[in-house]
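Colleague: build me a structure from this.
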Amino acid sequence: MSYFDKEVFFADEGEKQTPASGSFSMPSGASAQAYESTGGLDAAKKRRRSGRLKLITSTFMITTVLILGIAMLTVHIRGRGWAANLILGGKNIEFTLPMADYPDVDIADKDEYGRYTTEGLVKAVADTVVEIQIFKTGNALMPSSQGSGIIISENGYIVTNAHVVSDASLGIRVVTASKEVYDAVVIGSDERTDIAVIKINETGLKCAVFADSDGVSLGEDVCAIGAPGGFANSVTKGIVSGKDRQIAAQNGDVKMECLQLDAAINPGSSGGAVFNMFGQVIAISSSKLASTNYDGIGFAITTNAAKPIIESLMENGFVAGRVKVGITFYGISEQAAKNAKIELKPGLYIVAIEDGCDIANSGLKTDDIITSVEGEPVTNVQELKALLDDRQPGDEIKAHVYRPALTGGGEEFDISFKLMEDNGGLIENELGKKM
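Modeller: Numbering: from 1, shown residues only. Below you'll find the model as predicted:
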C-alpha cells in the first residue's frame with residue numbers, strides 16, 4: 001500500500017473500479033488530487049507547446065548551422081562569386097592577380113663598346129634637359145604653351161627653339177628634372193634658323209655634352225628627351241631615318257641641316273635633345289611632318305648646323321654678319337598679279353618700312369612693289385635672300401619699283417639704299433615677310 005489515501009490505487013495494483021454511468025473517471029495512473037496539483041489541462045497544453053517550440057528552435061539552429069557550413073564550404077571551393085554564378089552562369093569567381101617581385105638585377109649601363117642602354121642613358125643625361133613654360137598676355141596664372149631646352153653651360157645658359165620663346169610676352173619659366181623652377185630671360189633668338197638661347201640665374205648645373213653630328217650613321221639608335229604636351233622628362237627611342245635633310249623653320253627662310261628621326265617628336269618636344277647612345281647631343285628637336293598621311297617623320301637640327309648660331313647668339317644676342325633691307329612684304333607671283341583686280345606686277349609688295357633703315361630714305365612707300373634687285377626679278381623671300389647672301393652690311397643696293405594706281409598705268413622708278421646689319425632676324429608675321 002501507498003502513503004496515499006486508501007481509496008486511491010495505483011494503476012497496476014488493486015481492483016479496477018468500473019465508473020458509474022454518466023460519471024467521470026480520472027486517467028489511469030493519476031489521482032484527482034495529483035492532476036489538480038499540475039494545473040490541469042492548461043498546464044499540460046503549455047508543456048506540450050513548450051516542447052514543440054524547443055524542438056522547432058533546435059531544428060532551426062541545426063539547419064542554420066548546416067546551411068552556413070555548406071555556404072562556407074562552397075565559398076572555399078568555388079569562390080565568393082558563387083551566388084552570382086548561379087544567376088550569371090558561372091562568370092564570377094574569387095580571383096587575386098599574382099604579382100611577382102620586380103627583378104633586382106644589376107644590369108650594366110653600357111655595353112662592351114661604351115654605348116649606354118636606354119635606362120643607363122636616361123640616368124646619365126636626363127637632368128641636362130629642361131621643360132620651358134611660356135606665359136602670354138591674358139594668361140598669367142597658367143602657361144599657355146610648353147617647350148624643351150638643353151643646358152649648355154653650368155652657369156645657366158640653355159638652348160631651345162626660337163618658336164618656343166617667341167610669344168613669351170609675360171615671361172619664361174624653366175623647370176629642371178629635379179623640379180626646381182627658375183625665371184629665364186632671352187639672350188638671343190634667331191627665327192630664321194629657329195634657334196634661341198635663354199638663361200636662368202643658377203650655377204653648378206650639369207650641362208649636356210655635344211658631339212660632331214657628321215659622325216652620325218644612318219640607322220643609328222637615338223633617344224629624344226623633352227616635354228611633349230608638358231609631360232617633362234619624356235623619353236622616346238628610335239633610329240636616324242635620314243641624314244642631311246634641308247628643312248626650314250615654319251617662320252624662317254634658312255634651310256637648316258636636320259636629321260630625320262622615327263623617335264616621336266611632338267608639340268612640346270621642340271628644343272629638346274636628341275642623344276646618341278654614348279650620351280652625346282647630336283641634334284636639337286625642332287619639328288615634325290604633321291599630316292594624317294604621315295607618321296614617324298620628325299626632324300632635329302644637327303649640332304654642327306646649330307653650333308655657330310648658338311655661339312653668335314651668346315656673344316652678340318643675334319647672328320652677326322647678316323644683312324637686312326628693312327621692309328615687310330608679300331611676295332606676288334605672276335599668277336597672283338594676273339588675278340588682281342587692279343593692275344599689279346610680280347614682285348615684293350611693301351607692307352611696312354622699318355624706321356632707322358637706309359631704305360626708309362630712298363623714296364619707297366608702302367603699297368609699292370619692288371620688281372627687281374640688282375637687275376634680277378624677285379617675287380619671294382628665297383629669291384631676295386639668294387641675291388643678298390654674299391653681301392655685307394653697308395653695301396649699296398639698287399632696286400626697281402612699280403607704284404600701282406587705282407586707275408591703272410602706275411609709276412615706275414629706281415631706288416638705291418644701303419644694307420643694314422640684321423640683329424633681329426628674318427621673321428614672318430601676320431602681315432608677311434620682314435627683311
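Colleague: I figured residue 274 hits residue 298, correct?
Modeller: No: checked against Cβ atoms under 8 Å, the pair residue 274 and residue 298 is beyond contact range at 9.0 Å. For glycine as for every other residue, the C-beta is placed from the backbone atoms N, C-alpha and C.
Colleague: which neighbours do the two share?
Modeller: Residues touching both residue 274 and residue 298 by Cβ atoms under 8 Å, 6 or more residues apart in numbering: 224, 261, 263, 285.
Colleague: contacts only, for the first one.
Modeller: What it means is residue 224. By Cβ under 8 Å, 6+ apart, residue 224 lies in contact with 235-238, 261, 263-265, 269, 272-275, 285, 298, 300.
Colleague: of those residues, closest to residue 165?
Modeller: residue 272 (13.9 Å; Cβ to Cβ).
Colleague: that closest one: how many residues sit nearby?
Modeller: Residue 272 has 32 neighbouring residues, counting by other Cβ atoms under 10 Å.
Colleague: rewinding a little: so for residue 274 and residue 298, which residue has more residues nearby?
Modeller: For residue 274 versus residue 298, the count of surrounding residues by other Cβ under 10 Å is larger for residue 274: 33 against 25.
Colleague: contacts only, for that one.
Modeller: Residue 274 sits next to 222, 223, 224, 259, 261, 263, 281, 282, 283, 284, 285, 300 when contact means Cβ under 8 Å, 6+ apart.
Colleague: can you list the domain ranges for this structure.
Modeller: Split into domains by automatic domain parsing, the chain comes to 38-99, 118-316, 323-434.
Colleague: can you lay out these as a markdown table showing distance to residue 105 and mean pLDDT?
Modeller: Output for those, formatted as a markdown table (distance: least, Cβ to Cβ, whole Å; pLDDT from 0 to 100):
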| stretch | distance to residue 105 | mean pLDDT |
| --- | --- | --- |
| domain 38-99 | 18 | 71 |
| domain 118-316 | 11 | 90 |
| domain 323-434 | 51 | 86 |
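Colleague: to residue 107, which of the ones you listed lies closest?
Modeller: domain 118-316 (7.5 Å).
Colleague: show me the shared contacts of residue 274 and residue 298 that map onto helices.
Modeller: Assigned to helices by DSSP state H, none of the shared contacts of residue 274 and residue 298 qualify.
Colleague: okay, those in TSV with distance to residue 189 next?
Modeller: Formatted as TSV, the shared contacts of residue 274 and residue 298 follow (distance: Cβ to Cβ, whole Å):
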residue	distance to residue 189
224	22
261	24
263	26
285	17
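Colleague: quick one, which of the residues you listed are buried?
Modeller: Buried members of the shared contacts of residue 274 and residue 298, counted by 16 or more other Cβ atoms under 10 Å: 224, 261, 263, 285.
Colleague: now the third one: how far from residue 297?
Modeller: Distance of residue 263 to residue 297, given as Cβ to Cβ, to the nearest Å: 11 Å.
Colleague: ok, now the last one?
Modeller: When Cβ to Cβ is the yardstick, residue 285 and residue 297 sit 13 Å from each other.
Colleague: state the distance from residue 183 to residue 143.
Modeller: Distance from residue 183 to residue 143, by Cβ to Cβ: 13 Å.
Colleague: looking at the domains of the chain, which is closest to residue 112?
Modeller: domain 118-316 (12.8 Å).
Colleague: about what we covered before: and the contacts of residue 224, which of them are in strands?
Modeller: 235, 236, 237, 238, 261, 273, 274, 275, 285, 298, 300 (DSSP state E).
Colleague: got JSON lines for those, with distance to residue 98 too?
Modeller: Listed next are the ones in strands among the contacts of residue 224 as JSON lines, based on distance: Cβ to Cβ, whole Å:
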{"residue": "235", "distance to residue 98": "29"}
{"residue": "236", "distance to residue 98": "32"}
{"residue": "237", "distance to residue 98": "30"}
{"residue": "238", "distance to residue 98": "34"}
{"residue": "261", "distance to residue 98": "39"}
{"residue": "273", "distance to residue 98": "40"}
{"residue": "274", "distance to residue 98": "40"}
{"residue": "275", "distance to residue 98": "37"}
{"residue": "285", "distance to residue 98": "41"}
{"residue": "298", "distance to residue 98": "40"}
{"residue": "300", "distance to residue 98": "43"}
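Colleague: strands paired with the helix or strand where residue 187 lies, and their directions?
Modeller: Assigned by DSSP states H and E, residue 187 belongs to strand 181-190. Partners of strand 181-190 in the sheet, by DSSP bridges, are strand 171-175 (antiparallel), strand 195-200 (antiparallel).
Colleague: need the contact list for residue 136.
Modeller: Neighbour list for residue 136: 144, 145, 167, 168, 169, 170 [criterion: Cβ under 8 Å, 6+ apart].
Colleague: also residue 202?
Modeller: Residue 202 is in contact with 155, 156, 180, 182, counting by Cβ under 8 Å, 6+ apart.
Colleague: what is the neighbour count of residue 390?
Modeller: 8.
Colleague: and what about it, helix, strand or coil?
Modeller: The three-state label given to residue 390 by DSSP: H, G, I helix; E, B strand; the rest coil is coil.
Colleague: got the phi/psi numbers for it?
Modeller: The phi and psi values for residue 390, taken as degrees, to the nearest 10, are phi -90, psi 10.
Colleague: where do the helices of the stretch 101-250 of the chain begin and end?
Modeller: For the stretch 101-250 of the chain, the helices defined by DSSP state H, counting those that start in this stretch cover 118-125, 162-165.
Colleague: what about the closest residue to residue 421 other than its chain neighbours, how many residues close to it?
Modeller: Nearest non-adjacent residue to residue 421, counting by Cβ to Cβ, 6 or more residues apart in numbering: residue 393, 4.0 Å away. Residue 393 is flanked by 15 other residues according to other Cβ under 10 Å.
Colleague: for residue 393, what are its contacts?
Modeller: Counted by Cβ under 8 Å, 6+ apart, residue 393 has contacts 321, 323, 419, 420, 421.
Colleague: also residue 317?
Modeller: So residue 317 contacts 187, 188, 423 (Cβ under 8 Å, 6+ apart).
Colleague: what about the residues you listed, which one has the most neighbours?
Modeller: Highest count within those by other Cβ under 10 Å belongs to residue 188, 22 neighbours.
Colleague: which residue, neighbours along the chain excluded, lies closest to that residue?
Modeller: That would be residue 313: by Cβ to Cβ, 6+ apart, it lies 3.2 Å from residue 188.
Colleague: what is the neighbour count of the one you found?
Modeller: 25.
Colleague: and the residue nearest to residue 421, what element?
Modeller: Assigned by DSSP H and E, residue 393 falls outside every helix and strand.
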